[in-house]
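In: I'd like to go over a predicted model; first the sequence, then the structure.
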Amino acid sequence: MSKNDVMIGLEIHVQMTSLKTKLFCGCSSDYRNSPPNTNVCPVCLGLPGSLPMINKKAVEKAIQVAIALNMEISKTLSWTRKHYFYPDLPKNYQITQYDGKGVSTIAKNGYVSYTVNGNSYVARIRRINIEEDPGKILYPSGSMITSDYILIDYNRSGIALLEIVTEPDFKTHQQVSSFLKKLRSILEHLGIADFSLEGSMRVDVNISIGGGKRVELKNISSIAEIENAIVYEITRQRTLLNLGREVEMETRHWDQERKVTFATRAKETEEDYRYFPDPNLPSIEISEELVKKIRESLPELPDKRKERFIKDYKLSEYIASVLVSDKKLSDYFEEVMKSTSIDTQKAASFIVNDVLGWIPSGDTNELNKYIPPQKIAELLEMLREGKITIKMAKELIPELINGKSLKGAVEEKGWFEVIYSEEEILKVIESIMNEYPEAVKDSIKDKKAVQFLVGKVLEATNKRADPKKVYDLICKKIEKISSKLQEDL
Ligand SMILES: [Zn+2]
């Protein structure tokens with residue numbers, strides 16, 4: 001390893017938001033809209049004498065993920081206590097899963113393939129485990145450093161989390177973000193989580209340079225901020241190394257406001273956590289039948305969907321990858337295609353390159369709300385019929401987003417009278433060709449002369465006809481005349 005090699009590993013915490021209840025009690029999973037500390041019970045408050053009960057659905061969901069990430073699934077389900085003293089954790093231990101003597105995590109040794117700018121990579125997944133979410137600490141002034149006191153809301157305490165741990169296989173922030181998008185899409189296709197909910201995915205990033213000490217950046221919840229934090233931290237470590245100083249093994253916090261990382265505590269070692277099996281939750285068998293049943297009922301995943309997009313819709317590898325990296329975007333595209341017979345490539349490119357650009361911060365969760373797929377299908381149909389040009393279609397997107405009907409928006413632009421269907425364009429072309437026979441003769445000899453006729457047709461249609469379409473139609477006509485001339489000779 002060279003002294004400049006960057007190694008990045010990730011620990012991803014995903015809330016299984018599709019579950020109705022928490023991991024070990026009957027409190028609702030939907031805690032976000034409850035007043036603080038009302039969505040709680042003796043179990044998730046860690047009161048003495050309360051006993052946890054396993055949420056079976058959480059286990060089934062975790063097995064789905066294990067299969068989707070190509071992992072080896074454990075034969076037994078076992079639970080471990082991880083001890084640490086922190087106010088968000090009422091029991092002073094977290095119930096999680098651990099690989100050790102007599103206990104194991106639900107699955108290990110998997111992989112996910114992903115692409116960055118058309119290059120393929122594979123990230124190994126070390127393990128996944130199920131665990132409970134701690135409560136939420138609130139800083140009244142918004143920042144850990146400037147707040148005099150903290151508030152704690154235990155509504156989140158006990159929510160089922162999936163921890164996904166990768167090997168340190170990433171070298172750049174682009175690799176990390178492409179991988180996370182792919183992972184998110186897989187989890188969305190499985191119906192595990194709704195990532196539009198605040199804090200539903202939180203990532204710890206481990207970074208080291210040249211095989212040196214590892215720094216952990218804790219709890220970053222947006223992919224854009226994860227990228228910023230990685231760039232900052234690599235620069236910080238490189239600077240220290242260049243000055244001949246050492247990088248400390250520590251946990252650092254990413255300050256989104258100031259865009260810096262700062263040290264919060266020396267990193268605990270494995271021993272500090274005093275892992276031991278939870279005596280309240282005996283191990284149970286994960287049967288092969290159960291795994292088989294789950295495997296057979298798995299929904300279509302992004303890789304398969306991409307293959308189908310390429311095969312059925314004849315999309316390019318690139319545009320298919322862009323679509324399936326986001327389940328909501330793929331769903332939107334397929335919804336649009338139900339109501340239009342326009343060329344599928346054209347539709348996909350229009351959605352990805354034009355429509356998405358009008359959605360604030362490209363958030364596909366908002367796509368349906370801003371512009372229903374039926375409206376885009378209607379617009380694409382007009383384009384297909386040649387009633388509007390691609391330029392006009394693009395101009396109409398913001399009008400539709402503003403809630404106007406397609407007909408209303410077209411009329412307002414004053415385009416209604418002058419929109420030309422293919423049939424109408426052909427009529428104009430015929431009259432222009434009759435009017436300029438010399439130009440027709442020239443065009444037979446030299447294709448460059450066609451441009452003159454195109455210009456005349458555009459003039460006659462007040463530039464409302466699509467130039468490329470006019471050019472193609474004239475060329476067809478000229479070819480017909482020229483082959484007829486050949487026959488006559
Ligand atoms: Zn509870």
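Out: In hand now; what should we look at?
In: Let me see the ranges of the strands in the stretch 251-400 of the chain.
Out: Taking DSSP state E, counting those that start in this stretch, the strands of the stretch 251-400 of the chain run over residues 260-266, 276-277, 284-285.
In: any idea how far L323 is from L19?
Out: Look at L323 and L19: by Cβ to Cβ, to the nearest Å, they are 28 Å apart. Glycine gets a C-beta too; all of them are placed from N, C-alpha and C.
In: Check P48 too.
Out: In this structure, P48 lies at 26 Å from L19, with Cβ to Cβ as the measure.
In: When the two are compared, which one has more neighbours?
Out: Between P48 and L19, counted using other Cβ atoms under 10 Å, L19 has the larger neighbour count: 20 against 6.
In: who touches the residue of the stretch 201-350 of the chain found nearest the ion in this structure?
Out: Sorted by distance to the ion under Cβ to the ion, the residues of the stretch 201-350 of the chain start with N280, at 14.7 Å. Under the criterion of Cβ atoms under 8 Å, 6 or more residues apart in numbering, the neighbours of N280 are 51-52.
In: separation between K413 and I390?
Out: Relative to I390, and taking Cβ to Cβ, K413 is found at 15 Å.
In: what about the closest residue to V14 other than its chain neighbours, how many residues close to it?
Out: Beyond its immediate neighbours in the sequence, the residue positioned closest to V14 (Cβ to Cβ, 6 or more residues apart in numbering) is L162, lying 4.7 Å away. The local packing of L162 (other Cβ under 10 Å) involves 23 other residues.
In: Chain neighbours aside, what residue packs nearest to the residue in the stretch 101-250 of the chain positioned nearest to the ion?
Out: Nearest to the ion in the stretch 101-250 of the chain, going by Cβ to the ion, is G158, at a distance of 5.4 Å. Setting aside the residues directly before and after it, G158 is nearest to C44 in space (Cβ to Cβ, 6+ apart), at 3.3 Å.
In: cool, and K171?
Out: Nearest in space to K171, with sequence neighbours left out and distances taken as Cβ to Cβ, 6+ apart, is V6 at 5.2 Å.
In: ok, now which ones touch that neighbour?
Out: Contacts of V6 were listed using Cβ under 8 Å, 6+ apart, and they are 171-172, 207-209, 234.
In: Can you pick out the ones from the residues you listed that are in helices?
Out: Taking DSSP state H, the ones among those that sit in helices are I234.
In: Quick check: of the contacts of V6, which lies closest to S104?
Out: The shortest approach to S104 among those belongs to S208, at 26.7 Å (Cβ to Cβ).
In: I'd say the closest one and V215 touch.
Out: Yes: assessed by Cβ atoms under 8 Å, S208 is found in contact with V215 at 7.0 Å.
In: More neighbours: which of those two?
Out: When S208 is set against V215 and neighbours are counted by other Cβ under 10 Å, the residue ahead is V215, at 22 against 18.
In: I'd say the more buried one and V247 touch.
Out: Yes: the pair formed by V215 and V247 meets the contact definition of Cβ under 8 Å, at 6.4 Å.
In: what's the overlap in contacts for these two?
Out: Overlap between the contact sets of V215 and V247, as judged by Cβ under 8 Å, 6+ apart, is given by 208, 237.
In: For the closest residue to Y98 other than its chain neighbours, which residues count as its bridge partners?
Out: Taking Cβ to Cβ, 6+ apart as the measure, Y98 lies nearest to T80, with 3.9 Å between them; neighbours along the chain are not counted. Partner residues in beta bridges with T80, using DSSP bridges, are T96, P277.
In: And T80, how close does it get to L69?
Out: Between T80 and L69 the computed distance is 21 Å (Cβ to Cβ).
In: same deal with S208?
Out: As judged by Cβ to Cβ, S208 and L69 stand 24 Å apart.
In: for P467, same thing?
Out: P467 is 50 Å from L69, by Cβ to Cβ.
In: What's the per-residue pLDDT of the residue lying closest to G362 once chain neighbours are set aside here?
Out: Nearest residue to G362, sequence neighbours excluded (Cβ to Cβ, 6+ apart): L356, at 5.6 Å. Predicted confidence (pLDDT) for L356: 89.
In: so who does L356 touch?
Out: Shown in contact with L356 (Cβ under 8 Å, 6+ apart): 329, 362, 364, 367.
In: quick check, nearest of those residues to Y111?
Out: Of all these, L329 has the smallest distance to Y111: 24.4 Å, by Cβ to Cβ.
In: thinking that closest one is in contact with E366, fair?
Out: No: distance between L329 and E366: 11.5 Å, which falls outside the contact criterion (Cβ under 8 Å).
In: more crowded one of those two?
Out: Neighbours were tallied for L329 and for E366 using other Cβ under 10 Å; the higher tally belongs to L329 (21 against 14).
In: Which parts of the stretch 101-250 of the chain are helices?
Out: 173-189, 223-242 (DSSP state H, counting those that start in this stretch).
In: Would you convert those helices into a markdown table that also reports mean pLDDT, mean neighbour count and distance to E399?
Out: Converted to a markdown table, those look like this (pLDDT from 0 to 100; neighbours: other Cβ atoms under 10 Å; distance: least, Cβ to Cβ, whole Å):
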| stretch | mean pLDDT | mean neighbour count | distance to E399 |
| --- | --- | --- | --- |
| helix 173-189 | 96 | 21 | 30 |
| helix 223-242 | 94 | 17 | 29 |
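In: got a markdown table for the ones you listed, with distance to the ion too?
Out: As requested, these are exported to a markdown table (distance: least, Cβ to the ion, whole Å):
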| stretch | distance to the ion |
| --- | --- |
| helix 173-189 | 24 |
| helix 223-242 | 30 |
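In: So which of those is nearest P299?
Out: Closest approach to P299 among the helices of the stretch 101-250 of the chain (Cβ to Cβ): helix 173-189, 6.0 Å.
In: so how far is the closest one off the chain centroid?
Out: Computed by Cα atoms, centre = their mean, to the nearest Å, the chain-centroid distance of helix 173-189 equals 6 Å.
In: Now do that helix: which elements does it pack against?
Out: Counting contacts by 3 or more Cβ pairs under 8 Å, 6 or more residues apart in numbering; DSSP states H and E, the secondary-structure elements packed against helix 173-189 are strand 6-15, helix 56-68, strand 107-116, strand 119-132, strand 201-209, helix 223-242, helix 302-312, helix 327-338.
In: As CSV, those with distance to L138 would be great.
Out: Formatted as CSV, the entries for the helices and strands packed on helix 173-189 read as follows, by distance: least, Cβ to Cβ, whole Å:
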stretch, distance to L138
strand 6-15, 18
helix 56-68, 26
strand 107-116, 34
strand 119-132, 19
strand 201-209, 15
helix 223-242, 19
helix 302-312, 35
helix 327-338, 30
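In: that older thread, contacting residues around the residue nearest to V14?
Out: Listed by Cβ under 8 Å, 6+ apart, the contact partners of L162 are 13-14, 16, 61-62, 65, 128-130, 192.
In: Next: T264.
Out: Listed by Cβ under 8 Å, 6+ apart, the contact partners of T264 are 144, 218, 250-253.
In: any chance of these in TSV, plus neighbour count and distance to the ion?
Out: Supplementary listing: the contacts of T264 in TSV, determined by neighbours: other Cβ atoms under 10 Å; distance: Cβ to the ion, whole Å:
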residue	neighbour count	distance to the ion
M144	13	27
K218	17	25
E250	15	34
T251	18	29
R252	23	32
H253	20	29
